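Sequence first, then the predicted structure, then my questions.
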Amino acid sequence: MKAYLLSAGYGTRLRPITDTTPKCLVPIRSQPLLYWWFGLLKRHGVSEVLVNTHYLAEKVREYLCFYNSLGTGLTAVEFYEPVLLGSGGTVRAARDFTGKDDAFLICYADNLTNMNLSAMQKYHRKNGGILTMALFRTDKPKQCGIAALGPDGRITEFEEKPACPKSNLANAGVYVAGREIYDLFPKADFIDFGKDMLPALLGRMYGWETEDYLMDIGTQDHYKRAEREWNDDYNQDTAKN
């Protein structure tokens with residue numbers, strides 16, 4: 001299994017921390033956010049991860065070189081973007097990364113999570129959709145991308161920050177995708193996954209609900225909360241579940 005880890009954002013809401021540190025390297029319990037992502041991906045069968053870079057790319061590059069020197073069994077590959085391509089644009093531009101693999105992960109590195117990716121992959125294989133979206137229950141649906149599910153788990157509606165939410169099932173920013181998805185990307189310089197791809201996949205993608213730890217560290221409040229909450233209990237091997 002391979003994974004795209006989308007990490008190139010500016011992290012403007014985390015300033016002044018991100019004035020000198022890219023968001024994907026902000027420390028959580030004295031380790032960069034990427035460290036926790038790499039550990040999670042490795043535990044759930046990922047052998048190679050593509051990390052896109054743009055803002056403060058040289059610092060991310062330095063960390064990837066350091067990580068690869070450790071010989072953990074997970075290889076991190078940089079995909080530098082002189083101009084940001086968008087969450088969907090990165091996947092489209094780097095499609096050769098996954099080769100002939102039938103399925104792969106797409107993850108937003110803004111989040112800190114211990115999600116059971118093995119269970120999610122199993123669910124994806126069982127249903128056979130083009131995409132499986134990880135979902136979580138939110139008490140602020142107007143601030144999230146919200147999905148509505150049919151009785152078979154198929155996503156029938158999806159809307160970013162809806163004025164009248166149809167559910168409280170929010171996009172967790174983790175997907176398992178089949179290679180068929182590459183044929184569905186629009187021909188554009190900038191592609192946003194949530195706005196440009198997900199609406200086109202309605203009826204052909206499934207939702208997988210998680211109750212695992214998930215925190216978007218994109219704001220100062222969430223970052224401080226993650227620092228307080230994250231501990232060794234969240235860093236356990238759940239691959240067998």
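Right, received. Where do you want to start? Numbers count the residues shown, from 1 in each chain.

Neighbours of the residue lying closest to residue 10 once chain neighbours are set aside, how many?
Nearest non-adjacent residue to residue 10, counting by C-beta to C-beta, 6 or more residues apart in numbering: residue 55, 4.9 Å away. Glycine gets a C-beta too; all of them are placed from N, C-alpha and C. Neighbours of residue 55 under the rule other C-beta atoms under 10 Å: 18.

Confirm residue 55 sits in a helix?
No - using DSSP: H, G, I helix; E, B strand; the rest coil, the secondary structure at residue 55 is coil, not a helix.

What are the neighbouring residues in contact with it?
Counting by C-beta atoms under 8 Å, 6 or more residues apart in numbering, residue 55 touches 8, 9, 10, 11, 22.

can you rerun that using 7 Å?
Applying C-beta atoms under 7 Å, 6 or more residues apart in numbering, we find residue 55 in contact with 8, 9, 10, 22.

With residue 50 instead?
Contacts for residue 50 (C-beta under 7 Å, 6+ apart) come out as 4, 5, 77, 79, 94, 97.

Of the contacts of residue 55 - the most surrounded one?
Counting neighbours by other C-beta under 10 Å, residue 22 leads the contacts of residue 55 with 27 neighbours.

contacting residues for it?
Each residue near residue 22 by C-beta under 7 Å, 6+ apart is listed here: 11, 55, 56, 59, 60.

want to throw these into a markdown table with distance to residue 120?
Formatted as a markdown table, those follow (distance: C-beta to C-beta, whole Å):
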| residue | distance to residue 120 |
| --- | --- |
| 11 | 26 |
| 55 | 29 |
| 56 | 30 |
| 59 | 30 |
| 60 | 26 |
